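S.K.: let me see the structure of the following:
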Amino acid sequence: MGVTGPPGPVMDRDEVDRALARLGQEHEAIETSLLALQDHAGRRLLEGAELTGTTKERWTTAEASITLLWAYFDAYTDAFHAAQSIRSRRRWSSREDLVELTELLRGESVTVAGSTTATANAPTLTGGSSKLSHQFSLSALVDEMNELYATSLDMVVTSDAVWSALPARIDLLAAELQRTRQLAHSVGVRPGEHPAGDDLERITSTLTELRERVISDPLAYWVRAQGSSAPGGGRPDTTVYDREARALEEVRREIDAVLTVRQDAEARLVKLRDVLSRADRTLAEARTARGEVLAKIAATEVPVVSGPPTVLQEQLSTAAEYRRHAQWHRLSPLLESLEQKAEDELLRARESLTAVTQPLAVRAELRGRLDAYKAKVARHGLAEDPFLIERYDAARRMLWSAPCDLRVAEQAVLRYQHAAAEQLSASRTRPQGGPEDSRGPGA
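M.R.: Numbering: from 1, shown residues only. You can find the predicted model right below:
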């Protein structure tokens, strides 16, 4: 391309020297960055990996961008060295030198040759044109290199970040998974026989698939930070990994429960037998008490006492069988269920005994109340009152007879209480030495 004149005013010697100094610093910084990108571990991994999906598409573009970057840098270097050569011709640059330097430093004087594939795969400020060469000013070329470098570095850094984080964590979790599988197998937790065994198979399959996908398509597991435009701004997406880690922790707790069962199974079985035995004895006591209540208490509905549930004894026998054959994974849930059912059965037996003996408790309460009022009457000197003796004897006969009608007996006790209360009240208000009338109203 011919020179038609400098773009704008011709630079003076000081402006040229300052521009060359700035270009030298930019050249050094760009070269350092490109060499660092070239040696980046993530780039080397991308070159050697069998990529798929999003990563494969972006790496194709990034590779072309890196190739184009070096072509741009070479053109930039040539232009910079050419400017240095012109400036070094003379200590005091001539008008012609300054015109040439102005055109070189400020005009679109840099020609960059590139392949059709590279320019198509790495769209630039030219709009992705497929021309084999492009013209740039040095400042525009720097801007273009910065843009290509940022997108290429972002691709390399994010891929490397995922590869550095997830595969190692997956491998650690897989090692823990293998130890858990061995432990599970030792206590009989196997696929198809126990839910935890099925979970271990699923976790194994998921982790294997996850690792393969992370290796081949790391960018599928990258979450970009909101509002961040810096290369590598974001974090690896650990959603699937975290979910499987939690699932494995749940399985480990299940295995621990099975191990606990293996250690204290006999003690728990003994305790279960004891609880069920106490429930049976309580029910037997309730049945005996029911017969006593029916014989001693009249006009009372006494609830029927059911027998002990045979299903619990059958399940207890099954639990003992599981223990004999070391089927801990089956014993664990059965023991937990049985322990709760046994406690419920003991509570039911106690409630049945309480319900059956309630009439006897009512009779005992009435007897106690009658004797308490008799003692109170005696303390106040009314023990020989014939009216009170009559009322007391009537209530006592009802309470100590069999069968006892509780409703009638309670009324008799109340009549004695009322009579005693009236006599006690009258004795407190009667003048000393006055005539005594031991009969109450209606005697």
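S.K.: contact partners for residue 265?
M.R.: By CB atoms under 8 Å, 6 or more residues apart in numbering, the residues touching residue 265 are 323, 328, 331, 335. Quick note: C-beta positions are derived from backbone N, CA and C, even for glycine.
S.K.: I'd say the first one and residue 264 touch.
M.R.: No: shown here, residue 323 and residue 264 do not form a contact pair, counting by CB atoms under 8 Å, at 10.9 Å.
S.K.: more neighbours, the two?
M.R.: residue 323 (20 against 11; other CB atoms under 10 Å).
S.K.: can you get me a residue count around residue 222?
M.R.: Neighbour tally, residue 222, other CB under 10 Å: 18.
S.K.: going forward, count from 22.
M.R.: From this message on, residue numbering opens at 22, which makes the last subject residue 243.
S.K.: gap between it and residue 398?
M.R.: According to CB to CB, to the nearest Å, residue 243 and residue 398 sit 95 Å apart.
S.K.: just to revisit the earlier point, inside strands: which ones of the contacts of residue 286?
M.R.: Applying DSSP state E to the contacts of residue 286, no entry is found in strands.
S.K.: just the closest of the residues you listed to residue 178, please.
M.R.: Ranked by distance to residue 178 (CB to CB), those are led by residue 349 at 49.7 Å.
S.K.: show me where pLDDT drops low in the stretch 272-421 of the chain?
M.R.: In the predicted model of the stretch 272-421 of the chain, residues 320-321 satisfy pLDDT under 70.
S.K.: quick check: buried residues in stretch 309-325?
M.R.: Of the residues in stretch 309-325, 310, 311, 314, 318, 319, 321, 323 count as buried by neighbour count, 16 or more other CB atoms under 10 Å.
S.K.: ends of that stretch, how far apart?
M.R.: The first and last residues of stretch 309-325 sit 11 Å apart, counting by CA to CA, to the nearest Å.
S.K.: quick one: that stretch to chain centroid distance?
M.R.: Centroid displacement of stretch 309-325 relative to its chain, using CA atoms, centre = their mean, to the nearest Å, is 56 Å.
S.K.: same question for stretch 322-339.
M.R.: Worked out by CA atoms, centre = their mean, stretch 322-339 lies 40 Å from the chain centre.
S.K.: gap between the two ends of it?
M.R.: End to end - CA to CA - stretch 322-339 spans 39 Å.
S.K.: mind listing the helices for the stretch 72-221 of the chain?
M.R.: Here the stretch 72-221 of the chain has its helices, by DSSP state H, counting those that start in this stretch, at 74-108, 116-127, 137-142, 159-207, 216-237.
S.K.: which elements pack onto the first one?
M.R.: When contacts are defined as 3 or more CB pairs under 8 Å, 6 or more residues apart in numbering; DSSP states H and E, helix 74-108 sits against helix 34-60, helix 62-69, helix 116-127, strand 131-134, helix 137-142, helix 159-207.
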